[in-house]
Structures are given as structure tokens and as C-alpha cells.
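J.: I need the structure of the sequence given here:
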Amino acid sequence: MRRPLLVLLSTSLLAACLSEVEVDDPFAGPGRASDARSSIAATDPPPGSDPSGSPATGAESTASPPAPSSGGPSSAPTSGAPPGTPSSTGPGVVTGEPAEPGELVAVSHERELRGIWIATAWAINFPSAAGRAPAQLREELSRLVDVSAEAGFNAIFFQVRPEGDAFFRSSHDPWSRFLSGRQGDDPGIDPLEELIALAHPRGIEVHAWLNPYRARVSASSALASSHMASRYPQYAYPYGNGTWMDPAAEPVQQRLLDVITELVTGYDVDGIHFDDYFYPYPVQGVPFPDDDTFAAYQASGGTLSLADWRRENVHTMVQRVHERILELDSSVRFGISPFGIYRPGQPPGITGLDAYASLYADPVRWMEEGWVDYVAPQLYWPTTRTAQAYEPLLTWWTGVHVELHVFAGNYLSQLGSDSDWTIDEFREQLRISRSMRHRNSRGNIWYQIGPLLEDRQGILAVFRDEFHPEPALSPPLVAARQREVLPPLLEGGDGQPYTITHRDARPLRGATVYRDEGDDDWVLVDILGPSADRFDPGPGRWALATVSRDGVESPGVVIAVP
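T.: Residues are numbered from 1 along each chain as shown. Model prediction:
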């Protein structure tokens, strides 16, 4: 006889269970709420600096990796879960009997953002060539997700706006020339939509990575009539090898807000992400040509210096983006990956580009104001380099704001480029990052996926078996940590599958599956996507928890399978 398993909780019982959950214990191990974390380490350099502490060619290197659709490791999905782990295909069915009707258990695991940048400027990672057929593009996207899943990543940062264009169906920005061959031409598929559909069932977040002001990476490329530089030529400035929009111009800021609005409302994105490009990296001896807008500011009564005015323009944009995202969907994470050095001498002994004075970026202000949910400083130097030392820099960044998450950006694309960039170097970077969990260093974002597609020096197995041997969710949004999430409702029994109904009204990220290793030692073994609808465990004692879109787990509902 089929019967409902109603998980009915009094307020006091739910509160007591929630109070036992060890949320984000910095000393707990992956998948286990009480063990020490492995000391294996690895990192990845952020989009845009060279070992001297000066900017490189930009957030994306023009050296293209192997085509995503050729060669490399198997694309077969691998969960990494041990034998007997439940398999799933959607919102939730569970076989077996409940341990006790309504039994709940506090579950948690060591949270860690495990991010990978997928760059589309110059077609670095996707597509392998402009003008590919929709079926070929889908094949490449599928492989990108397969490799990300096999390597144990839980978040993809996908570049959707490399030069005022779009890798999604936008009513504002034209299709990217890197995708279709000519800016504005429809490629026949929506890559962002396809990527989300592939990634979310695998428990992988998708963050939309945008460049706010860059209009063109090559001065000779043709612009579509709908491009922002075509619409607002008075604010489009040739600079260096490309074209840059004026950050002070209201139409430029409004265009960005409109694009972010359509991303947050039209796509199930988990985050909005900017890299290190604000005002452009300076060209020696060439001032940025914003004299007219600065003069207009002064004529209107403005009293800030040129440098402070430029920083204020960026502040205004960051604040407006933050407020727009909160207004649309507070579960969407907003973060920025700034240049890894805030200012020379901070901390003492650090030298290199002064991003505060050159890019007019002040991430300290953004953090202090609460305009970002995290920062991911691009620590693109080896640990052996004292002038841009990895550990002192990360220590400095984690000390700016005691509650904000810091995800170090690591320069994976440099693997094997010289004797400094070895797998052991990345092991050490990851060890350092994880050693600062108590300072809210809660993950890493690796630039970029190319070496994993290529499986350079066997790096895929290193990520799979050493860096990410067990599953993990990214940390919950800081603002959401004290929220409570209702546990799921299970229906079924008597040898029939249990259906899972997620009762919490907030947007859903998915579900976590824990196995009791004995004496209520609950170990995370799998993460189910939001659309999972079947769950078939082997023998054992299991707990299922709902995970809200902002990353908060409910208590686990216990079932036992003989």
C-alpha cells in the first residue's frame, strides 16, 4: 500500500535540528562534517597579469587551447560516488523504507566553491571555430560540462559578453562574432541556455561572466548596428588594440543593467560575474580619452579629481548592478575577480601594477559596502615569487572583510609554460587556499579549462582524484546563512519508490544525499540537480536534504534500505 511519509515538524523540533547543523565548519573535511581536510593544494591564475606583477594581454590569453570537441579525456559522466551510491534522473524517487516516519538528522559538509572559467573571447575555450553548426556547438558544450564534472568542479564561469556582444539570445547585445563568424548573425542555438541545461542536472552552477565596458578586442572587427559602440559612438573610444566604452556615460551603464536584467530574469543563472577589466589597462604614454565627459562633470559642479571621479563611476556601476540583482532575484550571487594586487605595498613587500590608480577599481570599497557577495582576486603568480607572493596576498585579501567569501583565482593555463608552473605548484596554491578557511577563503576559480580539455600532464586525474575527490556544494550566500530551509516530503514505501517533493518555497538548487557510515557519521556522497526525479539507493541508511538556490541545506530526511 502506497502511503505518504509526512515530515511534520514543530517549530521547536525544526529549530533544534537546524541548530545542530555544522554549517561551513572551516576545519571539517570534504563530504564529512568532522574530519580534517586534505592538505593537497592547487590553484589557477586569474584572467590577466604576468609574473612581474604587471598586466598581461588581459583577462584572456590569446593562446588558444585544443578544440573542446577533439581528443582529451572521456566525456562520459562520472559522479565519483562510491559503490552503492544512489543514482538519479530527476526530482526524486527513493526506494526503500523510512528508518522512522518523520525522522530528521542534521547534515552538513565542508563547503567549497570549485570554479572553472570558460573563456569565449578569441574563442579560447569555446567554440573551437566560428560558424560551427548547432549540433557541433552542442557537442562542444556537452564536453565542456563532462570535463568540468569529471574534474569535480561545482561552478562554471561562462563568458557571455566578451566585447559588448552575446553568447545568449539578447534583445540588447548582438550575437558574438566569435560564435557565428560575423557579429549579429544567429548561430542557431543559445549556448548559455544549452550550458545551463547540461550543467544543472550534474550539480554544477553556471555563472554568467560579463565584461562591462570592453566594446571590441580588435579595432578592425566589424560592429553590428545594434552594438553599443554603434548606438553610442560618442562614448566609444579607440584605445590600445581595441575599443572601450566610457564608464561615466549613463547609456553605457544602463545598457549593462538591461543586459543583466535579461540574464537574471530570462535564464536560470546562479551568478553574475565580472573579471578585472574596468577602465582599461593603461597603454604607456596614451591617456584614456574621456576629457569630454570629465569636463561635463566639472561643468555640472563636480569637484572630484579625475582619478576619484573615475573610481566613483565604477563604484556607481557596481552598486547599481548589486541593487538590480537584489531587486530581481536575491539568490543570484554577484562577484568580481579583480587584479590580484590592490595597491603596491599592500601587504608590505608586494610590488606590481596599482589597480586602484590604473584601473580605477577599488574592491575594498565594494567589499566594505556589501555590494559584492565575494571577490576572486587573480593571484596569477607562483608561490616562489616574493614580489607577488601568493600566501601574503591571499592573507591580505581575506583580512579585508571578515565575513565576505574570498575565492582565489589561479592561473591553470600556465601549466607547463616554464619551470615555475608545475602540478606541484598548483598543489601548493590549493594547500594555502584551504589553510585559510578560517579566514573565509572558501574556494578557488581556475583560469581556464583548456589544460583540462587537453589533459595536459595528466592534470584531469589530479583534479578528480586529489583536488576534488569528494563532492561539495559551494558556500551559501553570506546573507542567507541564517535562513532555514524546509526538509523534503517523501511519498511511497512498501518496496515502492519514494517521490521527493521539495516543500521550500524559495528557488531550488537541488538536493544532497548523505550516507550513514555508522554512529550517525553522515557523509555526503552525491548532489542531485534541481530537476532530478528518480533516486535509487542501494542498501544502507541515507538522508536527503533540500538545498535552496542560495545554498542553504535543510535537515536530512532519513530512509533505511535493507
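J.: where along the stretch 451-562 of the chain do the helices fall?
T.: Ranges of helices within the stretch 451-562 of the chain are 459-462, based on DSSP state H, counting those that start in this stretch.
J.: likewise the stretch 151-300 of the chain?
T.: Using DSSP H, counting those that start in this stretch, helices in the stretch 151-300 of the chain cover 177-180, 191-199, 228-231, 250-266, 291-299.
J.: helix, strand, or coil at residue 431?
T.: Using DSSP: H, G, I helix; E, B strand; the rest coil, the structure places residue 431 in helix.
J.: for it, give its distance to residue 390.
T.: According to Cβ to Cβ, to the nearest Å, residue 431 stands 10 Å off from residue 390. In this view, the C-beta of every residue, glycine as well, is placed from N, C-alpha and C.
J.: what of residue 412?
T.: Taking Cβ to Cβ, one finds residue 412 at 14 Å from residue 390.
J.: compare these two (neighbour count), which wins?
T.: Shown here are residue 412 and residue 390; by other Cβ atoms under 10 Å, residue 412 has more neighbours (27 against 23).
J.: pLDDT score for the more buried one?
T.: On pLDDT, residue 412 comes in at 99.
J.: with residue 541 instead?
T.: For residue 541, pLDDT reads 92.
J.: residues contacting it?
T.: Residues in contact with residue 541 (Cβ atoms under 8 Å, 6 or more residues apart in numbering) are 99, 515-516, 558-561.
J.: for it, which residues make a bridge with it?
T.: Per DSSP bridges, the residues bridged to residue 541 are residue 560.
J.: separation between it and residue 118?
T.: 39 Å.
J.: repeat for residue 322
T.: 24 Å.
J.: okay, the two: which has more neighbours?
T.: Neighbour totals were compared for residue 322 and residue 118, and residue 118 leads with 27 against 18 (other Cβ under 10 Å).
J.: how about residue 377, what does it touch?
T.: 46, 337-340, 363, 393-394, 397, 406, 408-409.
J.: show me the residues you listed that map onto strands.
T.: 406, 408-409 (DSSP state E).
J.: re earlier: nearest to residue 303, of the contacts of residue 541?
T.: residue 515 (63.4 Å; Cβ to Cβ).
J.: hey, C-alpha coordinates of the longest helix seen in the chain in CSV?
T.: In the chain, assigned by DSSP state H, the helix with the most residues is helix 306-328. Extracted in CSV, the C-alpha atoms of helix 306-328 (Å, rounded to 0.1, in the frame of the first residue of the first chain):
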residue,chain,number,x,y,z
LEU,A,306,39.9,62.9,-12.4
ALA,A,307,41.1,59.7,-10.6
ASP,A,308,38.5,59.9,-7.9
TRP,A,309,35.8,60.6,-10.5
ARG,A,310,36.8,57.6,-12.5
ARG,A,311,36.7,55.4,-9.4
GLU,A,312,33.3,56.8,-8.5
ASN,A,313,32.0,55.9,-11.9
VAL,A,314,33.0,52.3,-11.3
HIS,A,315,31.6,52.4,-7.8
THR,A,316,28.2,53.6,-9.2
MET,A,317,28.1,50.8,-11.7
VAL,A,318,28.9,48.1,-9.1
GLN,A,319,26.4,49.4,-6.7
ARG,A,320,23.7,49.6,-9.4
VAL,A,321,24.4,46.1,-10.5
HIS,A,322,24.2,44.8,-6.9
GLU,A,323,20.9,46.6,-6.3
ARG,A,324,19.4,45.4,-9.6
ILE,A,325,20.2,41.8,-8.9
LEU,A,326,18.8,42.0,-5.3
GLU,A,327,15.6,43.5,-6.8
LEU,A,328,15.3,40.7,-9.4
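J.: just checking, what packs against that helix?
T.: Applying 3 or more Cβ pairs under 8 Å, 6 or more residues apart in numbering; DSSP states H and E, we find helix 306-328 packed against helix 250-266, helix 291-299, strand 333-336, helix 363-369.
J.: format these as TSV; extra columns: mean pLDDT.
T.: Formatted as TSV, those follow (pLDDT from 0 to 100):
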stretch	mean pLDDT
helix 250-266	99
helix 291-299	99
strand 333-336	98
helix 363-369	97
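J.: which of these sits most buried?
T.: strand 333-336 (a mean of 24; mean count of other Cβ atoms under 10 Å).
J.: just checking, what packs against that strand?
T.: strand 271-274, helix 306-328, strand 374-375.
J.: just how off-centre is it within its chain?
T.: From the chain centre to the centre of strand 333-336 is a distance of 8 Å (Cα atoms, centre = their mean, to the nearest Å).
J.: tell me the one of the ones in strands among the contacts of residue 377 nearest residue 282?
T.: Nearest to residue 282 among these, with distances taken as Cβ to Cβ, is residue 409, at 21.2 Å.
J.: count the neighbours of the closest one for me.
T.: 32.
J.: what does residue 157 give?
T.: 30.
J.: circling back: can I get the contacts of residue 541 in CSV with pLDDT and neighbour count?
T.: Converted to CSV, these look like this (pLDDT from 0 to 100; neighbours: other Cβ atoms under 10 Å):
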residue, pLDDT, neighbour count
99, 49, 17
515, 97, 23
516, 97, 19
558, 92, 24
559, 89, 25
560, 88, 16
561, 82, 17
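J.: tell me which of the residues you listed is nearest to residue 480?
T.: Nearest to residue 480 among the contacts of residue 541, counting by Cβ to Cβ, is residue 558 at 24.8 Å.
J.: the closest one contacts residue 543, doesn't it?
T.: Yes - if you go by Cβ atoms under 8 Å, residue 558 and residue 543 touch, sitting 5.1 Å apart.
J.: list the residues that contact both of these two?
T.: residue 105.
J.: for the stretch 101-250 of the chain, which residues score under the pLDDT cut-off?
T.: The model of the stretch 101-250 of the chain has pLDDT under 70 over residues 101-102.
J.: can you give me the strands in it?
T.: For the stretch 101-250 of the chain, applying DSSP state E, counting those that start in this stretch gives strands covering 104-105, 113-118, 155-161, 205-210, 214-216, 236-239, 242-245.
J.: want to throw those strands into TSV with distance to residue 226?
T.: Supplementary listing: the strands of the stretch 101-250 of the chain in TSV, determined by distance: least, Cβ to Cβ, whole Å:
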stretch	distance to residue 226
strand 104-105	53
strand 113-118	25
strand 155-161	13
strand 205-210	17
strand 214-216	13
strand 236-239	14
strand 242-245	14
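J.: closest to residue 495 out of those?
T.: Using Cβ to Cβ, the strands of the stretch 101-250 of the chain put strand 104-105 closest to residue 495, at 23.1 Å.
J.: from the chain's centroid, how far away is the closest one?
T.: 30 Å.
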